[in-house]
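*Asks:* Here is my input; please provide its structure:
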Amino acid sequence: MPLRIESLPNRATKGALLRWILDTGEVKKQQVGTIEVGAGQAYMETPEAVGPRLAKRLDGAQFNGRTTQVWFESRETENDRSGHFARLARWLDMERAAETEQAEEWKMSA
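*Replies:* Next comes the predicted model:
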């Protein structure tokens, strides 16, 4: 099942993503399957046993200076729409935090 990674820089490569994943120590190169990259996101085939742990470790991590959103789409959650809403709530929290930070910066510069 795929590990889904979003908010990637447009120039993210398969090799750079593979190195980033392997640096966690959660997965070995032989365990990583197909990697598809494009439009600021990537899909990476990883084993069901390590996927959720890997996603938890990488979610919110920096990749080439960008904060990523990562989750694992397992067979159990493929048809579970509640996962979608949990991700949406997390993104809204991230957006709120970023807007608050930006407002503070504007206050300091004014």
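
*Asks:* tell me which residues of the helix or strand where I21 lies are tucked away?
*Replies:* Under the assignment given by DSSP states H and E, the secondary-structure element containing I21 is helix 14-22. For helix 14-22, a neighbour-count test (16 or more other C-beta atoms under 10 Å) marks 17, 20-21 as buried. From N, CA and C alone the C-beta is placed, and that goes for glycine too.

*Asks:* before we move on, what about stretch 60-71?
*Replies:* With burial defined by 16+ other C-beta under 10 Å, the residues of stretch 60-71 counted as buried are 63, 68-71.

*Asks:* follow-up on the earlier one: what's the offset of the helix holding I21 from the middle of its chain?
*Replies:* For helix 14-22, the distance from its own C-alpha centre to the chain's C-alpha centre is 13 Å (C-alpha atoms, centre = their mean, to the nearest Å).

*Asks:* Quick one: list the elements packing against it.
*Replies:* For helix 14-22, the contact count by 3 or more C-beta pairs under 8 Å, 6 or more residues apart in numbering; DSSP states H and E identifies strand 35-38, strand 41-45, helix 51-58, strand 62-63 as packing neighbours.

*Asks:* These: which one's closest to R90?
*Replies:* Of all the helices and strands packed on helix 14-22, it is helix 51-58 that lies closest to R90, at 12.1 Å by C-beta to C-beta.

*Asks:* Buried ones in that closest one, by neighbour count?
*Replies:* Buried residues in helix 51-58, counting neighbours by 16+ other C-beta under 10 Å, are found at 51-52, 54-55, 58.
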